[in-house]
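[1] Have a look at this prediction, sequence included:
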Amino acid sequence: MIRDYWVVVPAAGTGKRMGADRPKQYLPLMGRPLLSLTLENVLSWPGLAGIVVALSKEDGFFPHLKEAQNPKVHTVIGGAERADSVLAALTYLIGRAVDDTPVLVHDAARPCITRRDIGALLDEGVSPIALLARPASDTVKQSRTLDGAPCAEQTLDRRRIWLAQTPQRAPLHLLYSCLSRALKQGKTVTDEASALEMYGHSPQLVAVQGDNLKVTHPFDLLVAEAILRLRYAPTEDKQ
Ligand SMILES: Nc1ccn([C@@H]2O[C@H](COP(=O)(O)OP(=O)(O)OP(=O)(O)O)[C@@H](O)[C@H]2O)c(=O)n1
Ligand SMILES: C[C@](O)(CO)[C@H](O)COP(=O)(O)O
């Protein structure tokens, strides 16, 4: 397993699709703010050098998390989009870490990642440019709009369809240069792998085994709670 890597946690979003009274990363999950669970999870990863959390400049919640006092947890001010927040964190690391330092970017909104899945991504045999992803298990349709309604245009070969998740891994300087170049060129970047692909790289897809959902809509919070309760229930409760 690789060691001395940094983890960037973009946590500067507003959670519009959640529609809550606060950014979703601060909603209660297992009795604690969701971001606290994600950071506690990341802090348990073997070989971790440190974490850079990108926060909204209006964030008044973070200092109250116990993880805020952890010396391994650094913070930066994020940006308007997720990619801007990731770039802000990478900029913080440039000059503090050597160019080929492995960096993993993990959404604050994914608190349920398992040790097994993170171990698969950190494995020495995996490409230094890689991401966790879920192979499609449903039939996948590409849509077009007809009379204002989405309609199936074609069915894609689902054997070649993967749903990208996080963490997404790349060497610090390569990720910084691809992401900053893509943003400077005004390209839409919704994950780190797409910025690397834009400049000729082919990130390895590492299939997830556990549930690593991104808490996006209200129902996702219920699912995450159920996953974690089941995962941490005392063994006699699981029978
Ligand atoms: N400007 C932004 C936007 C998003 N994120 C982070 O990127 C992760 C994935 O983004 P998403 O699930 O879309 O979160 P939000 O942008 O908060 O959600 P929404 O799109 O519903 O507003 C989240 O942990 C979010 O906090 C970020 O750091 N900076
Ligand atoms: C990075 C990501 O989680 C991979 O699926 C996803 O692209 C984030 O998208 P969001 O709209 O910023 O949540």
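    Cool, the structure landed. Numbering: from 1, shown residues only. Ligands and ions are numbered 1, 2, ... in the order given.
[2] in the longest strand seen in the chain, what counts as buried?
    Longest strand in the chain by number of residues (criterion: DSSP state E): strand 162-171. Neighbour-count burial for strand 162-171, counted by 16 or more other C-beta atoms under 10 Å, picks out Trp162, Ala164, Gln165, Thr166, Pro167, Gln168, Arg169, Ala170, Pro171. The way it works is simple: take the backbone N, C-alpha and C, and place the C-beta from them, glycine included.
[3] For ligand 2, state which of the residues you listed is nearest.
    Using C-beta to the nearest ligand atom, Ala164 comes nearest to ligand 2 of these, at 4.2 Å.
[4] For beta bridges, what are the partners of the closest one?
    For Ala164, the beta-bridge partners are Ala133 (DSSP bridges).
[5] Tell me how far it lies from Glu81.
    Distance of Ala164 to Glu81, computed by C-beta to C-beta, to the nearest Å: 16 Å.
[6] Any idea which residue of this protein lies closest to ligand 1?
    Per C-beta to the nearest ligand atom, Gly13 is where the chain lies closest to ligand 1, at 2.1 Å.
[7] Backbone dihedrals for the spatially closest residue to that residue that is not a sequence neighbour, please?
    Nearest residue to Gly13, sequence neighbours excluded (C-beta to C-beta, 6 or more residues apart in numbering): Pro23, at 6.3 Å. Per-residue torsions, Pro23: phi -60, psi 140 (degrees, to the nearest 10).
[8] Surely Pro23 touches Pro10?
    No - here Pro23 lies out of contact with Pro10, judged by C-beta atoms under 8 Å, at a distance of 11.9 Å.
[9] Tell me which of these two has more neighbours.
    Using other C-beta atoms under 10 Å as the criterion, Pro23 and Pro10 rank with Pro10 on top: 28 against 24.
[10] helix or strand for the more buried one, which one?
    strand 5-11 (DSSP states H and E).
[11] what's the model's confidence in that strand, averaged?
    For strand 5-11, mean pLDDT rounds to 98.
[12] List the contacts of the top helix by length along the chain.
    With secondary structure taken from DSSP state H, the chain has its longest helix at helix 218-232. With contact meaning C-beta atoms under 8 Å, 6 or more residues apart in numbering, helix 218-232 is reached by 18-20, 24, 27, 29-30, 34, 37, 111-112, 211, 213-215, 238.
[13] What residues does the protein have near ligand 2?
    Arg82, Asp107, Ala164, Gln165, Thr166, Thr190, Asp191, Lys214 (C-beta under 6 Å from any ligand atom).
[14] Just flag the most distant two among these.
    The most widely separated members of the residues of the chain next to ligand 2, counting by C-beta to C-beta, are Arg82 and Gln165 (13.7 Å).
[15] Now the two most distant members of the contacts of helix 218-232.
    The largest separation in the contacts of helix 218-232, counting by C-beta to C-beta, is between Gly19 and Lys238 at 33.3 Å.
[16] if we can go back for a sec, what residues are shared contacts of Pro23 and Pro10?
    By C-beta under 8 Å, 6+ apart, Pro23 and Pro10 have no common neighbours.
[17] re the thing from before, as TSV, the buried residues of strand 162-171 with distance to Gly200 would be great.
    Listed next are the buried residues of strand 162-171 as TSV, based on distance: C-beta to C-beta, whole Å:
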residue	distance to Gly200
Trp162	19
Ala164	18
Gln165	23
Thr166	22
Pro167	22
Gln168	17
Arg169	17
Ala170	13
Pro171	15
